[in-house]
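K.L.:
Generate a structure from the sequence data that follows.
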Amino acid sequence: MSLKIAVCEDETSERDALRNMLETEIGLRRIEAEISTFASGEDMLIAMRDEIYPISFLDIYMGTVTGIEVAKEIRSRDENAVIVFTTISREHMAEGYDVGAVHYLVKPYSKESVRIALDRCLRVTGTRERFIEVMAGGEKRKLFLSKILWAESLDKKCVICFQAEEKSPPEHLRVYMRLDELLSIIDDPSFIRSHRSFIVNLDHAASIKSHDFVMKDGSLIPIRRGYAPHFKELFEKYCFDKQRRGHKLV
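P.N.:
As a prediction, the model looks like this:
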């Protein structure tokens, strides 16, 4: 089930900027979410007749119906709803916390501030980034999908290449599992089987050169012979769709 998030902001540029940043962060966490945007408090109140939003980002300073008023209505209907206020000033912070706001976002937004706000919301709602659990070295390991770069089949085992921390060197984990089983467990459209022996996370691919995926860390992952044009078209479509959803290709 998709997590429903509301963004209520009367300034078009600010509304679009926040939505794009949220979509990028949500995409990185592999969370299924649906973001609805509203240009006024009145519009959101109308939508709330038929919909519940577990997470809401509300601009305090709007026209007839302010963010505070929308928040009070949200709180009257759902005491567990998560509310974040967006504003150019901290003047009304006390009033905002009176309705149980978990965070404040001060404009102009930054990637880091939106990331912190979203993480706080997800912790409160109990929504977490998607991950898989595998057995390695006699113990269970948790791997977040966003950290996995690629995987290689070696007989009855797989070597999973992942990056535990941003800017840290990739690590390699051996697991007793066949590649098709691993792909089934991952179950995510960002991961494709480029070769009989390799799985690639398209989010970590930079380009296709000749018969290989060129990964962002510089490593080369082979493509099945004769399938380079197919994967080139698939990769280009994936990148286009990602950009259209507001995700930056970095």
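K.L.:
buried residues in the host helix or strand of Phe240?
P.N.:
Under the criterion of DSSP states H and E, Phe240 resides in helix 228-244. By neighbour count on 16 or more other Cβ atoms under 10 Å, the buried set for helix 228-244 is Ala228, Phe231, Phe235, Tyr238, Cys239, Lys242. Every residue, glycine included, has its C-beta placed from N, CA and C.
K.L.:
Now for the spatially most central residue of the chain: which residues touch it?
P.N.:
By Cα atoms, centre = their mean, the chain has its centre lying nearest to Ile26, at 2.0 Å. Going by Cβ atoms under 8 Å, 6 or more residues apart in numbering, Ile26 touches Ala33, Ile35, Leu118.
K.L.:
if I look at it, how far off is Lys4?
P.N.:
Ile26 sits 12 Å away from Lys4, going by Cβ to Cβ, to the nearest Å.
K.L.:
joint contacts of these two?
P.N.:
In terms of Cβ under 8 Å, 6+ apart, Ile26 and Lys4 are both contacted by the residues Ala33.
K.L.:
so Arg77 makes contact with Met48?
P.N.:
Yes - using Cβ atoms under 8 Å, Arg77 makes contact with Met48 at a distance of 7.3 Å.
K.L.:
how about the residue found closest to Met177 once you drop the neighbours it is linked to in the chain, what does it touch?
P.N.:
Nearest residue to Met177 in three dimensions, chain neighbours excluded: Cys158, at 5.2 Å (Cβ to Cβ, 6 or more residues apart in numbering). By Cβ under 8 Å, 6+ apart, Cys158 lies in contact with Ala151, Glu152, Arg174, Val175, Met177, Arg178, Leu179, Leu182.
K.L.:
tell me the contacts of the fourth one?
P.N.:
Meaning Val175. Listed by Cβ under 8 Å, 6+ apart, the contact set of Val175 reads Val134, Met135, Ala136, Lys157, Cys158, Ile160, Leu182.
K.L.:
For the fifth one, give me the pLDDT.
P.N.:
As predicted, Cys158 sits at a pLDDT of 95.
K.L.:
and what of the first one?
P.N.:
Val134 carries a pLDDT value of 92.
K.L.:
Check whether it really touches Lys157, as I assumed.
P.N.:
No - counting by Cβ under 8 Å, Val134 does not reach Lys157; the two are 11.0 Å apart.
K.L.:
which regions of the protein sit below the pLDDT cut-off?
P.N.:
Confidence mapping of the chain against pLDDT under 70 gives the ranges 1, 91-98, 243-250.
K.L.:
can I see the domain layout of it?
P.N.:
If you go by automatic domain parsing, the domain ranges for the chain are 3-125, 131-244.
K.L.:
Could I get the full set of helices for this structure?
P.N.:
Using DSSP state H, the helices of the chain run over residues 12-28, 41-47, 67-77, 93-98, 111-125, 179-186, 228-244.
K.L.:
Same list, those, but as TSV with distance to Ser194 please.
P.N.:
Putting the helices of the chain into TSV (distance: least, Cβ to Cβ, whole Å) gives the following:
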stretch	distance to Ser194
helix 12-28	21
helix 41-47	42
helix 67-77	46
helix 93-98	49
helix 111-125	30
helix 179-186	11
helix 228-244	6
